[in-house]
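Peer 1: Below: sequence and its predicted model.
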Amino acid sequence: MTTSRPYALVLFGATGFTGGLCARYLARHLPEGTAWALAGRNRDKLEHVAAGLPGDNAPALIEADSGDPASLNALAARTRAVATTVGPYMQYGEPLVKACVEQGTHYCDLTGEPEFVNTLLCRYHEAAQANGCA
């Protein structure tokens, strides 16, 4: 587990519709000076989202892909918490959960997929508790 983390929060999936809404909300409501980042597959799209955000607390940008476990581990190691809007979660969600558990990073999503929740509770709950991120 990483002990020094530059970000309090990373929003993964920031370039999608819901991710964009979340990014704007965070830009308006995060406490001043909070270190945060937007993450997604495409840097140009991340830059576009970041350029449209209100306020002075600009996020960092992190390229990561749900199909690239190394990029997800690197993302999770750099933050205390990840919020993700990348779904469908049964198809794309587990690699990020796994990375967060391995790195001791808190995880949040907005899934409405009970099968995803139940499956991952069985697979990762004990390890998440052991790593302090349950």
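Peer 2: That came in fine, so what should we check first?

Peer 1: My guess is V10 contacts L75. True?
Peer 2: Yes. At 6.0 Å, V10 counts as touching L75 under the criterion of CB atoms under 8 Å. To be clear about C-beta, it is placed using only N, CA and C from the backbone, and glycine gets the same treatment.

Peer 1: Determine how far stretch 28-44 lies from the middle of the whole chain.
Peer 2: Its chain's C-alpha centre and that of stretch 28-44 lie 10 Å apart, by CA atoms, centre = their mean, to the nearest Å.

Peer 1: Now do that stretch: distance from first to last residue.
Peer 2: Start-to-end span of stretch 28-44 (CA to CA, to the nearest Å) is 22 Å.

Peer 1: Any buried residues in it, and which?
Peer 2: Of the residues in stretch 28-44, L30, A35, W36, A37, L38, A39, G40, R41 count as buried by neighbour count, 16 or more other CB atoms under 10 Å.

Peer 1: Quick check: the gap between the spatially most central residue of the chain and G13.
Peer 2: Centroid-nearest residue in the chain, with CA atoms, centre = their mean: V82, separated by 3.2 Å. Using CB to CB, to the nearest Å, V82 is found at 10 Å from G13.

Peer 1: now swap in H106 and tell me
Peer 2: Distance from H106 to G13, by CB to CB: 16 Å.

Peer 1: and if you look at A83?
Peer 2: Separation of A83 from G13 (CB to CB): 9 Å.

Peer 1: Neighbour count for those two, which is higher?
Peer 2: G13 (26 against 21; other CB atoms under 10 Å).

Peer 1: Tell me who's in contact with that one.
Peer 2: G13 sits next to G19, A39, G40, T84, T85, V86 when contact means CB atoms under 8 Å, 6 or more residues apart in numbering.

Peer 1: Helix or strand: which one has the first one?
Peer 2: To tie it back to what came earlier, the one meant is G19. In the assignment (DSSP states H and E), G19 maps to helix 17-29.
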